[in-house]
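K.L.:
Here is the input, now give the coordinates:
(4 chains)
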4 protein chains.
Amino acid sequence: MTIRAVVWGENIHERTNEVVRGVYPDGMHACIAEALNSRDGIIAETATLQEPEHGLPQSRLDTTDVLLWWGHAAHGDVADEVVERVARAVWGGMGLIVLHSAHFSKIFKRLMGTPCNLTWREAGERERLWITAPNHPIVAGLPPYFELEHEEMYGEPFGIPEPDETVMIGWFQGGEVFRSGVTWRRGAGRVFYFQPGHETYPTYHDATVRQILQNAVVWAHNPAPRLSGVTDAPNRPATAAPEPIEVRGPRLHQDGEEGFR
Amino acid sequence: MTIRAVVWGENIHERTNEVVRGVYPDGMHACIAEALNSRDGIIAETATLQEPEHGLPQSRLDTTDVLLWWGHAAHGDVADEVVERVARAVWGGMGLIVLHSAHFSKIFKRLMGTPCNLTWREAGERERLWITAPNHPIVAGLPPYFELEHEEMYGEPFGIPEPDETVMIGWFQGGEVFRSGVTWRRGAGRVFYFQPGHETYPTYHDATVRQILQNAVVWAHNPAPRLSGVTDAPNRPATAAPEPIEVRGPRLHQDGEEGFR
Amino acid sequence: MTIRAVVWGENIHERTNEVVRGVYPDGMHACIAEALNSRDGIIAETATLQEPEHGLPQSRLDTTDVLLWWGHAAHGDVADEVVERVARAVWGGMGLIVLHSAHFSKIFKRLMGTPCNLTWREAGERERLWITAPNHPIVAGLPPYFELEHEEMYGEPFGIPEPDETVMIGWFQGGEVFRSGVTWRRGAGRVFYFQPGHETYPTYHDATVRQILQNAVVWAHNPAPRLSGVTDAPNRPATAAPEPIEVRGPRLHQDGEEGFR
Amino acid sequence: MTIRAVVWGENIHERTNEVVRGVYPDGMHACIAEALNSRDGIIAETATLQEPEHGLPQSRLDTTDVLLWWGHAAHGDVADEVVERVARAVWGGMGLIVLHSAHFSKIFKRLMGTPCNLTWREAGERERLWITAPNHPIVAGLPPYFELEHEEMYGEPFGIPEPDETVMIGWFQGGEVFRSGVTWRRGAGRVFYFQPGHETYPTYHDATVRQILQNAVVWAHNPAPRLSGVTDAPNRPATAAPEPIEVRGPRLHQDGEEGFR
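P.N.:
This is a model prediction of the structure:
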């Protein structure tokens, strides 16, 4: 079975900043998609902020198994309607991989219900990522730790709900730590946040990072058909109750009505 | 130390529906507040949708330890600004107890990041609530189960994130089950969802329910001073790093700037 | 990739009890293995208490991807050495599916760290299992609920640690509820407990139950190579530290020594 | 209400090692108890390995609200019977705080169900502990981080089940990270593991460490009466079922019998 991934990129600094263009001449999203396409069984395409509906019309989400999201400078420009559309897709079973500065993306904050804030420093310092869940599918085959010689520091406290799983913790040269790889389930969809990926450094060219992203796509893929009606609250009247019951007592509602929202 | 609780009530059906007025002549919020005030160490007041700022100006939240929330017919009338204000208070340490049909309140959905949907039936059937976490502070001293002769059925699947703790599960006469008492932590604030409380039944007059609400207020109370700046993402420049580091590599940001959001 | 499953059966009541023999003439383990073998990609064999080393020598565990465990009358007869061997295999990545009365098996209690107790009643009553995590891989494709006309009642409180995921909750005709399908991760191994399966009823002939067991085997399979040294606590001396450090202060240990256990 | 704490100490290196005796002339347990006694509302006593029943007869556990455990060189000398007794007390509601090298204590491994292993280095290096859950009761009032100039390095992977809450993460000078403050619930008892505390360093004289231990005792205290029968699996016969049912189908058991274990 082929997993269909879409890499969403904000695609701004790659065009406006000389340094970033040098590292990612075709855009960060293209670099990430290329990494995914080098794994058998994954077909990755891209979408960007500048496309109509940010490249994510409903029809495309319907055929996307796993969405990866990188944004930084223009979180506020993402249409709320698209954010809700992506949230519904996740609840219905689409995987979502949230990258680096997308901790402040609308979609991540929407799914977490928390500020998703952190401390930060752009000093080109060393990050060493330790595997806390050996042989978790996201880090299968990795050594106990790996290093990125240059990364932006993201430090605790990270304003997230308690993760379902802590897979990696980052050590920073300047003295901080961060839960750099963490997972949650939201409805039928799996969510993975991965800390590395500052746009001025060649992080997405790193072989280990690419292996993790490939692994994460496989892990986040839910092969079951996408659920529909993920926000419905259906009335099941007494006549349809699994056990026979008689209606008793005073009522506000009529059978089969929609209820309040 | 006295815990300051505020019971927020939508206060609509108590005024517009004969049956509900009969059960809760002073409003459901007043009944719940009275239950809380009967426990030593809790002082409970009320707030309603109809008051300015729904009775929840910032100054009041600042001095509220635990907020209880009951709403049903008018979730959409709650101002988004007040919802965000309450969310920030929770992240900063205020406890939140979400009651029955408030599963669809804006504040609960905001903090969960999921649809919070369920199936339902208004048939006056029996609910039996089983304690799954004996002697959890919320159910301290309770028997293995207790019954409510008339409750609205809420059935699984309940569209919530995996709870931090499952404290009670409800059995319904018509054949359904529900995670009727569940908890999460959101920032420094504790959140408890409690299923019973349909407005046409005398649920909040029930002695066990009242005991649970009292217990839950005590459990949800975080005595530490409220955190401020709960959404800040402070820059910690290299000069302020805990370990001495030299800035390396290309940069997007200047020291101490605010970063993108 | 083929998943290699082993179904461990206590294999006592099938031989000593007329009723059980009638339902499972070849043994429960054989019935379950047959169910698994009917799914493409799974090859299932059996092992029983009566075989040398209970059919689970180290060499066999080394080539087992997922182990299923059914026991009831003879938990105490399982050798502690085999229990530890299975625990190490789970920590190293073997999946484990614990069935019905195996809630009291040594291996389940060993991995949970809790009593794993419950209330029970053998009355042939109806159990209705509700899916609480729609489209979780274990219940992919299932309807909102399914029924077993005859099951042994297992009731809350279930003496387990908070599950990583609650996938199913059971409703019982006599009035109880139970977390009938729950998961945990233990090291690199996934663990699934599934409540149905009393030996006097034809549960393992039920099509939905068989589908769940097949799904669960796929879910529990960790394709990464089995981890070794899962209980080691290696010393990493200063000379091998990722960052250069000088040894300071008084010491108890010499470099590279084993430490206390 | 006064919280009754007992600090259990192995009490070996304090007597056999010159350095440790210099740092803790009255024993580490005495130093920790003294720290706890300086908080209003806590009365702390001590128990040691060398006392009859290691100072933990059943009668004493029955009146202990929170037990703290420090051991290192003699984990194997702790009687299994005492370990089971402590486990039952925790399941029944006693709090347990596990300190430093007690990650390898029998009681911690017993309650976790995992190897509880880690990597380590005794180099007197700096540990910086970051608060990941601001204003969690265990770290109420603490700054974002604090430092211990000399600690033993404990590094990931830490062989534990996914924690209920990650409260602190440690940064080590030599390049490692560790989940240095983590919690679980086991039955009605709360468990807290806290990493610092190598016996050759003055860790338990540190003001912040002492504040954390005091906070942790308050947090771990369950004021409800201790549960009894924590391993029982009671039969609830059809005649005692909450809902009227008739017994159907074949049976293995008689009403009210004990069942298999």
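
K.L.:
Could you use CA atoms for every contact and neighbour count after this?
P.N.:
OK.

K.L.:
Any residue of the longest strand along chain A touching chain C?
P.N.:
The strand that spans the most residues within chain A, counting by DSSP state E, is strand A:119-131. No - with CA under 8 Å from any CA of the partner chain as the threshold, strand A:119-131 lies outside contact range of chain C, at a closest distance of 8.9 Å.

K.L.:
elements contacting that strand?
P.N.:
When contacts are defined as 3 or more CA pairs under 8 Å, 6 or more residues apart in numbering or on different chains; DSSP states H and E, strand A:119-131 packs onto strand A:145-155, strand A:165-172.

K.L.:
Same list, those strands, but as TSV with distance to B:Val82 and mean pLDDT please.
P.N.:
Putting the helices and strands packed on strand A:119-131 into TSV (distance: least, CA to CA, whole Å; pLDDT from 0 to 100) gives the following:
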stretch	distance to B:Val82	mean pLDDT
strand A:145-155	30	98
strand A:165-172	32	98
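
K.L.:
Can you say which of the ones you listed is packed in most?
P.N.:
strand A:165-172 (a mean of 26; mean count of other CA atoms under 10 Å in any protein chain shown).

K.L.:
what does that strand rub up against?
P.N.:
Contact partners of strand A:165-172, identified using CA atoms under 8 Å, 6 or more residues apart in numbering or on different chains, comprise A:125-134, A:136, A:138-139, A:153, A:177-184, D:162, D:171, D:175-177.

K.L.:
How about stretch A:194-210?
P.N.:
Outside stretch A:194-210, the residues within contact range by CA under 8 Å, 6+ apart are A:13, A:19-20, A:23-24, A:28, A:31-32, A:35-36, A:97-101, A:142, A:146, A:148, A:150-152, A:154, A:179-182, B:250-252.

K.L.:
Provide a ChimeraX selection command restricted to the buried entries of these.
P.N.:
Written as a ChimeraX command, the selection of buried residues from these, which uses 16 or more other CA atoms under 10 Å in any protein chain shown, is:
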select /A:13,19,20,23,24,28,31,32,35,36,97,98,99,100,101,142,148,150,151,152,154,179,180,181,182 /B:251
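
K.L.:
and chain C, which of the contacts of stretch A:194-210 contact it?
P.N.:
Okay, of the contacts of stretch A:194-210, nothing touches chain C (CA under 8 Å from any CA).

K.L.:
So which of the contacts of stretch A:194-210 belong to strands?
P.N.:
The strands, defined by DSSP E, take in A:97-99, A:146, A:148, A:150-152, A:154, A:179-182 from the contacts of stretch A:194-210.

K.L.:
Among those, which one lies nearest to chain B?
P.N.:
For chain B, the nearest member of those is A:His150. The distance, counting by CA to the nearest CA, is 7.6 Å.

K.L.:
and the closest residue to that closest one other than its chain neighbours, what does it touch?
P.N.:
Sequence neighbours aside, A:Gly124 is the residue nearest to A:His150 in space, at 4.5 Å (criterion: CA to CA, 6 or more residues apart in numbering or on different chains). By CA under 8 Å, 6+ apart, A:Gly124 lies in contact with A:Glu149, A:His150, A:Glu151, A:Glu152, B:Val247, B:Arg248, B:Gly249, B:Pro250.

K.L.:
how much space between the closest residue in space to the first one that isn't next to it in sequence and B:Arg128?
P.N.:
The shortest distance from A:Glu149 to any residue that is not its chain neighbour, by CA to CA, 6+ apart, is 4.4 Å, and that residue is A:Arg126. With distances taken as CA to CA, to the nearest Å, A:Arg126 is found 56 Å from B:Arg128.

K.L.:
Please apply the same query to A:Met28.
P.N.:
If you go by CA to CA, the gap between A:Met28 and B:Arg128 works out to 55 Å.

K.L.:
for A:Arg251, same thing?
P.N.:
Between A:Arg251 and B:Arg128 the distance, using CA to CA, works out to 20 Å.

K.L.:
Could you do A:Met112 as well?
P.N.:
Using CA to CA, we find A:Met112 at a distance of 32 Å from B:Arg128.

K.L.:
Where does A:Asn215 sit: helix, strand or coil?
P.N.:
The local conformation at A:Asn215, judged by DSSP: H, G, I helix; E, B strand; the rest coil, is helix.

K.L.:
Just the strands from the stretch 151-261 of chain A, written as ranges.
P.N.:
Counting by DSSP state E, counting those that start in this stretch, the stretch 151-261 of chain A forms strands over residues A:165-172, A:177-186, A:189-194, given from the N-terminal end onward.

K.L.:
Could you pick out the residues of the stretch 51-200 of chain A near chain D for me?
P.N.:
Where proximity means CA under 8 Å from any CA, the interface of the stretch 51-200 of chain A facing chain D comprises A:128, A:130-134, A:144, A:156-158, A:162, A:164-166, A:169-171, A:175-177.

K.L.:
let's see it at 10 Å
P.N.:
By CA under 10 Å from any CA of the partner chain, the part of the stretch 51-200 of chain A that sits against chain D consists of A:127-134, A:144-145, A:155-173, A:175-179.

K.L.:
quick revisit: Throw the contacts of A:Gly124 into JSON lines and include distance to D:Trp120, thanks.
P.N.:
JSON lines is the format used below for those (distance: CA to CA, whole Å):
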{"residue": "A:Glu149", "distance to D:Trp120": "24"}
{"residue": "A:His150", "distance to D:Trp120": "26"}
{"residue": "A:Glu151", "distance to D:Trp120": "26"}
{"residue": "A:Glu152", "distance to D:Trp120": "28"}
{"residue": "B:Val247", "distance to D:Trp120": "30"}
{"residue": "B:Arg248", "distance to D:Trp120": "31"}
{"residue": "B:Gly249", "distance to D:Trp120": "33"}
{"residue": "B:Pro250", "distance to D:Trp120": "36"}
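
K.L.:
ok, so of these, who is nearest C:Glu53?
P.N.:
Of all those, the one with the least separation from C:Glu53 (CA to CA) is A:Glu149, at 50.4 Å.

K.L.:
Contact partners for the closest one?
P.N.:
By CA atoms under 10 Å, 6 or more residues apart in numbering or on different chains, A:Glu149 lies in contact with A:Gly124, A:Glu125, A:Arg126, A:Glu127, A:Arg128, A:Gln173, A:Tyr201, A:Pro202, A:Thr203.

K.L.:
I'd like to know how far the residue nearest to A:His150 sits from A:Gln254.
P.N.:
63 Å.

K.L.:
Please tell me how far the least confident helix or strand in chain A by mean pLDDT is from the chain's geometric centre.
P.N.:
In chain A, the helix or strand scored least confidently by mean pLDDT, DSSP states H and E is helix A:13-16, which has a mean of 93. Its chain's C-alpha centre and that of helix A:13-16 lie 22 Å apart, by CA atoms, centre = their mean, to the nearest Å.

K.L.:
What pLDDT is listed against the nearest residue to A:Ala44 once chain neighbours are set aside?
P.N.:
Distances taken as CA to CA, 6+ apart put A:Ala5 closest to A:Ala44, at 4.5 Å, once the chain neighbours are dropped. Per-residue confidence (pLDDT) for A:Ala5: 98.

K.L.:
same check, this time on A:Phe260
P.N.:
The model reports A:Phe260 with a pLDDT of 81.

K.L.:
ok now do it, which residues does it touch?
P.N.:
Contacts of A:Phe260 (CA under 10 Å, 6+ apart): A:Ala233, A:His253, B:Gly71, B:His72, B:Ala73, B:Ala74, B:His75, B:Gly76, B:Ser101, B:Phe104.

K.L.:
what about 7 Å?
P.N.:
Contact partners of A:Phe260, counting by CA atoms under 7 Å, 6 or more residues apart in numbering or on different chains, are B:His72, B:Ala73.

K.L.:
again with A:Val19
P.N.:
Taking CA under 7 Å, 6+ apart as the test, what A:Val19 contacts is A:Thr200.

K.L.:
Could you check stretch A:238-253 against chain D for contacts?
P.N.:
No - figure legend: stretch A:238-253 not in contact with chain D (CA under 7 Å from any CA of the partner chain); closest approach 12.8 Å.

K.L.:
tell me which residues of that stretch are tucked away?
P.N.:
Of the residues in stretch A:238-253, those buried (16+ other CA under 10 Å) are A:Ala238, A:Ile245, A:Arg251.
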